[in-house]
Every structure is written in C-alpha cells, then in structure tokens.
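J.: need coordinates for the below:
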Amino acid sequence: MTAPETSDDWKKRALVLYEGETPRAIRFRYGLMALDLAAIVFIIVTSFLPRSPWIKLVDILLGLVMLTDFLARHLSGHQRWRDLIRPTSWADVVAILSFLAPIATEGAGFLRILRTLRLLHTYQLLTRLRADSPYFRRHEDVFLAATHMCVFIFVMTAVVYETQHQVNKQITNYADALYFTVTALTTTGFGDITLIGTTGRMISVVIMIAGVTLFLRLASALFRPEKVRFPCPDCGLQRHEPDAVHCKSCGRILNIPDDG
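T.: Have a look, this model is predicted:
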C-alpha cells in the first residue's frame, strides 16, 4: 500500500511541470500557452457580443483554470513573495479577477489580454521557443513588438469605451472605441469621432504619444537588418549579423550556431 502524497510531494511534482525539461513538462507548458491563446481569442470575439449566460459560464471556468495554474505555479516556486511582487503576477491577478467576476463590465474583460505579457515575458517560454522554433529566433523582436502593440490597442479600447459610452453618443460599442483608438494611434484623425471632456482629451494624448512610440518600435523591428542573439563571451554584446565571424565591439572570434 502506497503512502499518501504529502504537500512536499505535490510541490515537487508541480515544480517539475513548471520548470523541468522532461517531455511531459514541455507538453504541459505548451498546453498552458495554448490555453492562454484560446482565452485571448475568446476575449476578443465575445467583447463584441452581447453578454449572455454561456459567456459568463465560460468566463468563470477559464478563471478557475487560471486560478489553479496561478496558485500551483507560485506555491511550488522557491521565491514566492518575490514572484508575487512582479508586474506580470499582478497582471495575472487582474486577468483572473476579471474572469471570475461575472458582474464585471465588458471593459474589465478586455483587461484580461494583459495575460499576454506574462505569456511572452516568461523566461522559460522564451527559451523554449528559441530552442524549438528557428522562425521565432529570427523574428523574436517582431513578435514582442507586435504583441505590445496589440495589448496597448485593446487596453486603450477598453479605457475609451468605459469612459465614453455613457456620455458620448459617438461611442456606442467596442467597434467605435477600437476605430477611434486606431485612428488616434496612427495620427490619422478623421474627426468623425472625438472624445468628450478633459479626460477624453488626456486619453487621446496618451494614445497618440504611447501608440506612436510602439508603432515606431514595431516598424523598426520589421525593417531593420536582421540580426541574431548571441552574447559575446568577452564584451557581452548580444546582437550580431547572422554571418558574423568577429564581434564588432571587441573583435572576439564568435562561434554563432546556425540551423544548418
């Protein structure tokens, strides 16, 4: 007869799943990534639909799964309190609460997309994607810049909708809020939709300044010469041309691995 599993045994199992390199642990982490992506698609699609009981039910189910993941990940970690004060952990908390609060407005639901920040800024996930996907390694900066842009657009859409839909006849749904956010971000400014009051003007300023910055960062990642990440053993320079033989900063001979 086997002995009952203790809390230490449970923590060891969870730690292997979240930080181990076994095939089962890798499949588990990719499964979590698939869950995050599915949740994001659900958030975007249902934000344009009227609230209904089935949407609230799926919200709660997703929230419970994410809460279980959050608790297992932090209770099995070595630095629990340090992990809890990280911005990505607070983004997780906001996401989970928005799923578990069926009375929350649609705007609060849009904040769940903040979970994408944890998704792409998790060190082990980035390491796994770099190891498994040559395409991701070549275009990592583009993926991160595009994700930051999407997160900003959807969060600001939620802010515009929540602050304007009750006082601004031009903002009646998420499509209107998204349309204004994109036109302000690109500084196109058609003028058919404007935000009311001082708060609305300040929101417009934030969208234009921060949005243009993110847009330029994405454009830079798309059009600048392609480089690879490989830390120089001497000076630590991270980015080099794919065919570089010497570090352009210190001259050290490099042995950059390739896919061939």
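
J.: mind listing what's buried along the one helix or strand residue 34 maps to?
T.: Assigned by DSSP states H and E, residue 34 belongs to helix 23-46. Residues of helix 23-46 classed as buried by neighbour count (16 or more other C-beta atoms under 10 Å): 25-26, 28-29, 32-33, 35-36, 39-40, 42-44, 46. All C-beta atoms are positioned from the backbone trio N, CA, C, and that covers glycine.

J.: and which of those is nearest to residue 170?
T.: Nearest to residue 170 out of the buried residues of helix 23-46 is residue 44 (C-beta to C-beta; 22.2 Å).

J.: low-confidence ranges in this protein?
T.: In the predicted model, the chain carries pLDDT under 70 at residues 1-7, 78-81, 102-126, 225, 258-260.

J.: need the buried residues of helix 23-46 in TSV (columns: distance to residue 161).
T.: Below are these laid out as TSV (distance: C-beta to C-beta, whole Å):
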residue	distance to residue 161
25	40
26	39
28	36
29	34
32	29
33	28
35	26
36	23
39	20
40	18
42	18
43	14
44	14
46	14
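
J.: farthest-separated two in these?
T.: Among the buried residues of helix 23-46, 25 and 46 lie farthest apart (C-beta to C-beta), at 31.6 Å.

J.: coming back round to it: would you put the C-alpha positions of the helix holding residue 34 in PDB?
T.: Extracted C-alpha coordinates of helix 23-46, given in PDB (Å, rounded to 0.1, in the frame of the first residue of the first chain):
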ATOM      1  CA  PRO A  23       8.800  15.800 -22.500                       C
ATOM      2  CA  ARG A  24       5.800  15.800 -20.100                       C
ATOM      3  CA  ALA A  25       6.800  19.100 -18.600                       C
ATOM      4  CA  ILE A  26       7.400  20.700 -22.100                       C
ATOM      5  CA  ARG A  27       4.000  19.400 -23.300                       C
ATOM      6  CA  PHE A  28       2.400  20.800 -20.100                       C
ATOM      7  CA  ARG A  29       3.800  24.300 -20.600                       C
ATOM      8  CA  TYR A  30       2.800  24.300 -24.300                       C
ATOM      9  CA  GLY A  31      -0.600  23.300 -23.200                       C
ATOM     10  CA  LEU A  32      -0.800  26.400 -20.900                       C
ATOM     11  CA  MET A  33       0.400  28.500 -23.800                       C
ATOM     12  CA  ALA A  34      -2.400  27.100 -26.000                       C
ATOM     13  CA  LEU A  35      -4.900  27.900 -23.200                       C
ATOM     14  CA  ASP A  36      -3.700  31.500 -23.000                       C
ATOM     15  CA  LEU A  37      -4.100  31.900 -26.700                       C
ATOM     16  CA  ALA A  38      -7.500  30.400 -26.700                       C
ATOM     17  CA  ALA A  39      -8.600  32.700 -23.900                       C
ATOM     18  CA  ILE A  40      -7.300  35.700 -25.800                       C
ATOM     19  CA  VAL A  41      -9.300  34.700 -28.900                       C
ATOM     20  CA  PHE A  42     -12.400  34.200 -26.700                       C
ATOM     21  CA  ILE A  43     -11.900  37.600 -25.100                       C
ATOM     22  CA  ILE A  44     -11.700  39.500 -28.400                       C
ATOM     23  CA  VAL A  45     -14.600  37.700 -30.000                       C
ATOM     24  CA  THR A  46     -17.000  37.900 -27.100                       C
END
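
J.: no further queries at this time; thank you.
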